[in-house]
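Participant: Curious how this folds, go ahead:
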Amino acid sequence: VSLAYNFGQIRPQNMVVAPSAVFTFIVVYLVAKKWMTQAVFEAILKAIILLAITSAFIAVIQIAVNSEFLKTCEPRLAFGSLMRASAIFQAEYELGYFQILAIIIVLLRYKGTLRRNFIVPLLILSVLLTFHRLDLIILVVSLIIYTWLFSSTARKAVTVLAIVFVALSAIVSYTVLVPLFSKSEFVKERLDADTVSGRLNQYKVVATALPEFPLGVGDYENEAYTDLMAKHNMMQSIDSGTWNWHQIPYRVHNGYLEVGMLHGPLVMVVFIAMMFSMLRYFKQTISRESPYSIVPFFAVLIWMLSNISNGVSNFAVYYVVLLAMLSGAVMALYRKDATKEEISAVAPKMMKSSIAVSNIEKRAIR
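Facilitator: Numbering: from 1, shown residues only. This next block holds a predicted model:
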């Protein structure tokens, strides 16, 4: 409805592209839910781990050797002349989301093995090499929740103390050590970079403007959105080739407000409700007897957190399609496990019933 309402203000192909992304998400989920087997699910998890390890090595090469190595996106500066690592993903934060999910899978799959002690630090290093602060926050939150769900009371206490110690150490390091290296490019361009204020101002502008666009603007090329951003000096200059610079509006760096701006406040509410509904449902299906049941819970959690200061509302993004696949897979296996339990519970009664019927038949024959 939003796209139809804004037809003429947006590119005609968006009438097909945007709905097809949502349709793809639904189809992938339903196909996985209907036909997923334990063997295929295990193969998917192995593929995720293999891709994560490969991506980690590529990220290290991009930082230490060649920033262009196997890069599929425009390079983005971290600080000075150092580019952020993105491996083969379209953006560094997409690499981070995938690696964090892979860390959770490795923790589950290789629990109590020496292999886990090598893989997990490598994947954490690749997240650090994205130089993306939100990725680091999501990583910490995910590890805390994982420890809380799967650890004993003593280990939970140790984890909390470790987190407090790391937090205090970070504060001390920032207040004491940073002034000593205040002239370094890392401190000036990364640690002291204030990107939060600008984004909060944008959130305020967009949230205030939502009632003016009950059906949204359809897409970012709508002149109404450009005028809104230009009015508040939220434009950026880009080179369209041969030094032909022109200004375009900043995209909304919040997935929830992005949905509201593009398609209206009602769709934003539905989008948020869908996420919380998925998170709550997969929280209820978590079982210690089936550790992989926690995978879709963390997949949804990472997606929710990623939309706080990034616009990851497009259902065609690789990570979101993977989320649909994992969600459908666990749903399928969860239903099959439930069916097995029902059969095992009913089977003894069925056997007794069949024996009783057999005896009745024998008496009737006599």
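Participant: Could you give the bridge partners of residue 238?
Facilitator: On the basis of DSSP bridges, residue 238 is bridged to residue 246.
Participant: Do I have it right that it meets residue 246?
Facilitator: Yes: judged on Cβ atoms under 8 Å, residue 238 makes contact with residue 246 at a distance of 6.8 Å. Every C-beta, even on glycine, is put in place using the N, C-alpha and C of the backbone.
Participant: count of neighbours near the residue nearest to residue 311 when sequence neighbours are not counted?
Facilitator: Once flanking residues are discounted, residue 311 sits nearest to residue 258: 4.3 Å by Cβ to Cβ, 6 or more residues apart in numbering. When counting by other Cβ atoms under 10 Å, one arrives at 23 neighbours for residue 258.
Participant: now swap in residue 235 and tell me
Facilitator: 15.
Participant: Show the model's pLDDT score for it.
Facilitator: Note on residue 235: pLDDT of 86.
Participant: contacting residues for the nearest residue to it once chain neighbours are set aside?
Facilitator: Excluding the flanking residues, the one nearest residue 235 by Cβ to Cβ, 6+ apart is residue 247, at 4.4 Å. Contact partners of residue 247, counting by Cβ atoms under 8 Å, 6 or more residues apart in numbering, are 230, 235, 236, 237, 238.
Participant: from memory the second one sits against residue 249, does it?
Facilitator: The one in question is residue 235. Yes: using Cβ under 8 Å, residue 235 is in contact with residue 249, at 5.7 Å.
Participant: Now the common contact residues for those two.
Facilitator: Common neighbours of residue 235 and residue 249 (Cβ under 8 Å, 6+ apart) are residue 229.
Participant: now the strands: where do they sit in the stretch 201-350 of the chain?
Facilitator: Along the stretch 201-350 of the chain, the segments classed as strands by DSSP state E, counting those that start in this stretch run 235-239, 245-249.
Participant: so which of those is the most packed in?
Facilitator: strand 245-249 (a mean of 13; mean count of other Cβ atoms under 10 Å).
Participant: Alpha carbons of that one, as CSV, please.
Facilitator: Once non-C-alpha atoms are left out, strand 245-249 reads as follows in CSV (Å, rounded to 0.1, in the frame of the first residue of the first chain):
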residue,chain,number,x,y,z
TRP,A,245,29.9,15.6,-6.7
HIS,A,246,26.2,16.0,-5.6
GLN,A,247,24.4,15.8,-2.4
ILE,A,248,22.0,13.0,-1.2
PRO,A,249,20.2,12.6,2.1
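Participant: For residue 240, give me the pLDDT.
Facilitator: 60.
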